[in-house]
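Participant: after the sequence you'll find the predicted model.
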Amino acid sequence: MDREKQVLFAGFGGQGVLSMGQFLTHIAMNAGKEVTWVPSYGAEMRGGTANCLVTISEEEISSPLTENPMTAIIMNRPSLDKYESRIKANGTLVINSSMVDRLPEREDLNVLQMPVNQIAAEIGNSKGANMIILGAYLEKTGLIEVEEALDYFGVVFKGKNEKVIEENKAAFMAGVEYARRQW
Amino acid sequence: MDRVLMKGNEALAEGAILAGCRGFFGYPITPSSEIAEYMARKMPKIGGVFVQAESELAAINMVYGGAATGARVMTASSGPGLSLKQEGISFIAEAELPCLIVNISRGGPGLGGIQPAQSDYFQATRGGGHGDYHTIVLAPSGSQEMMDFAIEAFELADKYRIPVMIMAEGTLGNLMEPIVMREPVLNKVDKPWAISGCQGRKPNIINTLHLGSEELENRNLHLANKYKLIQAQEKRAESYLVEDAELVVVAFGIMARIVKKAVVEARKRGIKAGLVRPITLWPFPDEDLRQAAEHARLFLSVEISMGQMIQDIQLALAGRVPVEFYGRIGFTPNPEEILQEIIRLAAREGL
């Protein structure tokens, strides 16, 4: 099952968890990959937490669902508690340390931490947390090349005004720079 | 080919519009509401009609009326809403009116939950309302098929003068994946039976009351013959690695894709597993199952229900091969757990 890469995004409503996953799905499609995006829409959607699962593959994707994603992008503590045990062996865990007050217990995982909310505050874009962590993740893993991702901002945010696109790009780049410095 | 990213619900709605659907009548319910939302945005711009009815009963009867005029019309709902529409669907089936009815299915019974499920299988494939009737039931398994089957559904509906149902799990409604946009359907089907204004011709009457014994029997024989024709011509399935399969898994909709991954993994472990995916749930593709049964020692029905399609599999195989069941509800079985079930059964049977 390794030719398919599954990335789980989890956090609470308002952190841009679903749109972060959609953005990755979009740029991966534009980069010529096969992609699927599945949001959680169980009862939890009405209580606060949100998650989505993105699958990226070179080949046709059979199952858009998995019990054990390769990577989890964790935006808050309840999401870490819920998903830590489910990540594939030797998988990657990207953690928003501003909202998660413990370290993962598993020792096989590749753990990447960043204080996303703090960085968002520093660049004056509190809503940009999702793009910051995504930028850092892509810079570190090369899942989609950063340069390629930047090319697609205009396409993905089609219809939005230029300012919104630029703010998102700036947030994305803040994450990229953090990853270059710290990871 | 340019690909666009669409949610299944939106792809289905756009497919219906491409097929020439210009009337949507519905009442919102999770997880189908995005279809209504899409139609509410689009219909006014293309000269179509969108009505959020006061109830599901009203909505299905608007479909009844709209279809009677010969227009391509549809409704969409989920489990509890579909139950409310059953009376209307029975009338539409008897009146032989073409239309599309969509069930973006969720778990029941009662109000149940909003998690994806396949437990409306009996309701969809056995008619669902009163009387001897069927609807054609299509089960897509991805965004592209949500669009393609919506177009196909209207073609089949007109061809046989029958309500066609698309049943897709809530997962498919929400799943987003790239699709290739289809061309609009331009050919108009001649509908001499429609109530479309009778100046210069005899009035058409659409009526489902048949009080005379002979008349009632003749109507039912007529419908039965039509259903036989559909059974002869429209059964569809997709088979995967069944030629030498000793363990054949049967699953439809999103479940078929999940099972496919488990089957591939099982093959890597030396288990001769295969998959049959019914695409038409009615008419049920029994011949494909019998073909897959040639080397099979065991069948396994995987459903997001407590076991419904398994009965059609058993009928198709007529006792030739035993059929096991694996199902959950509230959760969608994932590839890993289906693989474990395949491994367990293969070990038990010495496959």
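Facilitator: Okay, I see it. Note that the coordinates shown come from a computational prediction; the quantities given were computed from them, not determined experimentally.
Participant: pLDDT below threshold where in the chain?
Facilitator: Chain wasn't specified; assuming chain A. A:1-2, A:41-48 (pLDDT under 70).
Participant: hmm, I had chain B in mind actually
Facilitator: By pLDDT under 70, the weakly predicted segments of chain B are B:1.
Participant: go with 90
Facilitator: For chain B, the stretches flagged by pLDDT under 90 are B:1-2, B:187-188.
Participant: list the buried residues in stretch A:116-127.
Facilitator: Within stretch A:116-127, the residues scored as buried using 16 or more other CB atoms under 10 Å in any protein chain shown are A:116-117, A:119-120, A:125. C-betas here are computed from N, CA, C, even on glycine.
Participant: whoops, stretch B:242-252 was the one
Facilitator: Those buried within stretch B:242-252 under the rule 16+ other CB under 10 Å are B:242, B:245-252.
Participant: between the residues you listed, which sits nearest B:Ile195?
Facilitator: Distance to B:Ile195, by CB to CB, is smallest for B:Phe252 among these, at 36.0 Å.
Participant: could you find the closest non-adjacent residue to the closest one?
Facilitator: B:Ala139 (4.5 Å; CB to CB, 6 or more residues apart in numbering or on different chains).
Participant: that older thread, restrict the buried residues of stretch A:116-127 to contacts with chain B.
Facilitator: Among the buried residues of stretch A:116-127, no residue sits close to chain B (CB under 8 Å from any CB of the partner chain).
Participant: dump the buried residues of stretch B:242-252 into JSON lines; add distance to B:Phe325 and secondary structure as well.
Facilitator: Output for those, formatted as JSON lines (distance: CB to CB, whole Å; DSSP: H, G, I helix; E, B strand; the rest coil):
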{"residue": "B:Val242", "distance to B:Phe325": "19", "secondary structure": "coil"}
{"residue": "B:Ala245", "distance to B:Phe325": "18", "secondary structure": "coil"}
{"residue": "B:Glu246", "distance to B:Phe325": "18", "secondary structure": "coil"}
{"residue": "B:Leu247", "distance to B:Phe325": "14", "secondary structure": "strand"}
{"residue": "B:Val248", "distance to B:Phe325": "13", "secondary structure": "strand"}
{"residue": "B:Val249", "distance to B:Phe325": "11", "secondary structure": "strand"}
{"residue": "B:Val250", "distance to B:Phe325": "10", "secondary structure": "strand"}
{"residue": "B:Ala251", "distance to B:Phe325": "11", "secondary structure": "coil"}
{"residue": "B:Phe252", "distance to B:Phe325": "14", "secondary structure": "coil"}
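Participant: report the two of those residues separated the most.
Facilitator: The largest separation in the buried residues of stretch B:242-252, counting by CB to CB, is between B:Glu246 and B:Phe252 at 21.5 Å.
Participant: phi and psi next, for residue 50.
Facilitator: All of this refers to chain A. phi -140, psi 150 (degrees, to the nearest 10).
Participant: the intended chain is chain B.
Facilitator: Main-chain dihedrals, B:Phe50, degrees, to the nearest 10: phi -120, psi 120.
Participant: count of neighbours near it?
Facilitator: As a burial measure, B:Phe50 scores 18 neighbours (other CB atoms under 10 Å in any protein chain shown).
Participant: gap between B:Ala59 and B:Lys85?
Facilitator: Going from B:Ala59 to B:Lys85 by CB to CB, to the nearest Å gives 7 Å.
Participant: tell me, what's touching the two both at once?
Facilitator: B:75, B:77 (CB atoms under 8 Å, 6 or more residues apart in numbering or on different chains).
Participant: ok, and what's touching the host helix or strand of B:Gln291?
Facilitator: According to DSSP states H and E, B:Gln291 maps onto helix B:286-292. Residues outside helix B:286-292 that contact it (CB under 8 Å, 6+ apart): B:235, B:237, B:239, B:242, B:245, B:248, B:250, B:274, B:276, B:278, B:299, B:312-313, B:315-317, B:320.
Participant: do stretch B:260-275 as well
Facilitator: Applying CB under 8 Å, 6+ apart, the external contacts of stretch B:260-275 come out as A:1, A:62-63, B:239-251, B:256, B:259, B:277, B:292, B:295-296, B:335-336, B:338-339, B:342-343, B:346, B:351.
Participant: and if we set it to 7 Å?
Facilitator: Residues from elsewhere that reach stretch B:260-275 (CB atoms under 7 Å, 6 or more residues apart in numbering or on different chains): A:1, A:62-63, B:240-242, B:244-249, B:251, B:256, B:259, B:292, B:335, B:338-339, B:342-343, B:346, B:351.
Participant: got it, and stretch B:135-146?
Facilitator: B:6, B:8, B:11-12, B:15, B:89, B:93, B:101, B:124-125, B:149, B:152-153, B:156, B:162-168, B:172, B:175-177, B:179-180, B:230, B:234, B:252-254, B:256-257, B:277-282.
Participant: same deal with stretch B:229-237?
Facilitator: Applying CB under 7 Å, 6+ apart, the external contacts of stretch B:229-237 come out as B:136, B:156, B:160, B:276-280, B:283, B:285, B:287-288.
Participant: kindly recompute the last result at 8 Å.
Facilitator: Outside stretch B:229-237, the residues that touch it by CB under 8 Å, 6+ apart are B:134, B:136, B:156, B:160, B:162, B:276-280, B:283-289.
Participant: quickly find the element holding residue 167.
Facilitator: Picking chain A for this. Using DSSP H and E, A:Glu167 falls within helix A:162-182.
Participant: not quite, I wanted chain B
Facilitator: strand B:163-169.
Participant: within its sheet, name the partner strands of that strand and how each one runs.
Facilitator: Sheet pairing of strand B:163-169 (DSSP bridges) gives strand B:99-105 (parallel), strand B:136-138 (parallel).
Participant: and stretch A:49-60, which residues are buried?
Facilitator: For stretch A:49-60, using 16+ other CB under 10 Å, the buried residues are A:49-57.
Participant: re the thing from before, so can I have TSV of the strands paired with strand B:163-169 showing mean neighbour count?
Facilitator: Shown next, in TSV, are these (neighbours: other CB atoms under 10 Å in any protein chain shown):
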stretch	mean neighbour count
strand B:99-105	29
strand B:136-138	25
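Participant: since that was my last question, I'll sign off now.
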